[in-house]
Each structure stands twice: as structure tokens, then as C-alpha cells.
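Engineer: build me a model from this:
(chains A and B)
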Amino acid sequence: DGGITQSPKYLFRKEGQNVTLSCEQNLNHDAMYWYRQDPGQGLRLIYYSQIVNDFQKGDIAEGYSVSREKKESFPLTVTSAQKNPTAFYLCAISSGRQNTEAFFGQGTRLTVV
Amino acid sequence: AQSVTQLDSHVSVSEGTPVLLRCNYSSSYSPSLFWYVQHPNKGLQLLLKYTSAATLVKGINGFEAEFKKSETSFHLTKPSAHMSDAAEYFCVVSDGGWGKLQFGAGTQVVVTP
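Structural biologist: Presented below is the predicted three-dimensional model:
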């Protein structure tokens, strides 16, 4: 919200297919994050990026990949190696300065059919 | 290491009565603490944040939280609940590193007329 756009809002995927979720921002923030949300588990960090062409694994990176070719964009690919991909995915941004808050997009709900 | 425990998974209140959402944290450093709210199928919205200034923090929509270092707590309160407060609330701790936000499991708030 407020300059963060996630698309699509809903996504359906067949088992064995890769799918890419989009996250775009126009707030000129350095740091971007991908979180996965499952009921009763809060949010878990998948990947994050502090700067263009650099990113780090979070707590649950297996089965996911990202790129950061532009400051504005941080797409997440859910690969066929992700064993349980059905979830709500949230992109977030922050200035990256120490102890600053993150701002979230509206999320993408991915369902494997 | 940092962690967050939200002591109640569900809270039910009547409209017009006080709301209390409890959060305890552990952190190796002087933490920053945040409360976020999430309405169904939406992103997270920042309610308030504590970053080592005043221990009583006022946020949006009438919410406030008090940082108590001796109790390692950061409970969220509102004097009078409104129907629009029905949502899920997340307590979040950051100890300063990039992407190092740790989310609690969330508290679902139900407001009854």
C-alpha cells in the first residue's frame, strides 16, 4: 500500500509449475522483502534485498528464487521444488536504516490446484 | 536471538469496551517494537512503533502501547473498541539488522455489538 504494488491479487498454479509474483515500489526505498503467511504462524521471511543485484535468504528460502535487477522491482518465483506453496505472500519495503518499520503491499494469494 | 510471543491467539470484546493485546519479546539488543494490523486478505498496516524514545507510544485509530523493559512486554491497548477494529494484530520486534523483523503469531480480535 502507499506505493507498493503486488500482482496478481489471486493466483492459481498447477502442481509442477513455476510461478512468479510481482512486487513493484515507487517510494525509492532500498530494502525489499518477501514474506509468507500461513494461518496461525505469523509471517516468515523468504528473501530480502538491501540493494540492486544483491539479496539474501531468509528463514524459509527453499523452493523460492528472487532477483533484484532494478531498485523498484523484486519479483519472487515459487518453483516446483516448493513442497507446500499454497499461502498468502506479502512484499514489504523499508528504508533499510536500523530499526525502521516496513511497509507492506496488499498481498498475493497463491493456490496450487 | 530475538523472538516475540503474543499471549492470546483470539480476543473477543464488546463494542465500546477496552481492548488489551499482550506481547512479550526477547532480544539480544535494545529492540525496536511495532504493532501492525491486518484486515482479511489485505496487507499489514503499521499502528505504532517504539524506538527507544518515550515508553508510552500513541498510534493511529486510538491505539497505544507501553514498552516495559523490566517485563519485556509491549502490550497494545485501546480504551473503547469499535467494530472496525476487528482484525488480526501482529507484534513485531527488530533488533536492527536488515530484514530482521520477527513476527508474533498474531491475535485475532473479534468485536461484538
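Engineer: which SS class is the most centrally placed residue in chain A?
Structural biologist: Centroid-nearest residue in chain A: A:W34, 2.8 Å away (criterion: Cα atoms, centre = their mean). A:W34 falls in the strand class when you classify it by DSSP: H, G, I helix; E, B strand; the rest coil.
Engineer: A:I46 is in contact with that one, correct?
Structural biologist: Yes. With contacts counted by Cβ atoms under 8 Å, A:W34 reaches A:I46, the gap being 4.3 Å. All C-beta atoms are positioned from the backbone trio N, CA, C, and that covers glycine.
Engineer: could you pull out the strands for chain B?
Structural biologist: Taking DSSP state E, the strands of chain B run over residues B:3-6, B:10-14, B:19-21, B:23-26, B:32-38, B:44-50, B:56-58, B:64-68, B:73-78, B:87-94, B:101-103, B:107-112.
Engineer: got TSV for those strands, with mean neighbour count, distance to chain A and mean pLDDT too?
Structural biologist: Listed next are those as TSV, based on neighbours: other Cβ atoms under 10 Å in any protein chain shown; distance: least, Cβ to the nearest Cβ, whole Å; pLDDT from 0 to 100:
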stretch	mean neighbour count	distance to chain A	mean pLDDT
strand B:3-6	17	8	92
strand B:10-14	14	11	97
strand B:19-21	19	14	98
strand B:23-26	19	12	94
strand B:32-38	24	4	94
strand B:44-50	20	4	93
strand B:56-58	14	12	94
strand B:64-68	18	13	95
strand B:73-78	20	14	97
strand B:87-94	24	5	93
strand B:101-103	23	4	86
strand B:107-112	17	9	96
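Engineer: okay, these in JSON lines with distance to A:G42 next?
Structural biologist: What follows is the strands of chain B, written out as JSON lines (distance: least, Cβ to Cβ, whole Å):
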{"stretch": "strand B:3-6", "distance to A:G42": "8"}
{"stretch": "strand B:10-14", "distance to A:G42": "15"}
{"stretch": "strand B:19-21", "distance to A:G42": "14"}
{"stretch": "strand B:23-26", "distance to A:G42": "12"}
{"stretch": "strand B:32-38", "distance to A:G42": "10"}
{"stretch": "strand B:44-50", "distance to A:G42": "11"}
{"stretch": "strand B:56-58", "distance to A:G42": "21"}
{"stretch": "strand B:64-68", "distance to A:G42": "18"}
{"stretch": "strand B:73-78", "distance to A:G42": "15"}
{"stretch": "strand B:87-94", "distance to A:G42": "6"}
{"stretch": "strand B:101-103", "distance to A:G42": "4"}
{"stretch": "strand B:107-112", "distance to A:G42": "10"}
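Engineer: mind checking how far the closest residue to A:K70 other than its chain neighbours is from chain B?
Structural biologist: Distances taken as Cβ to Cβ, 6 or more residues apart in numbering or on different chains put A:V52 closest to A:K70, at 6.7 Å, once the chain neighbours are dropped. According to Cβ to the nearest Cβ, to the nearest Å, A:V52 and chain B sit 14 Å apart.
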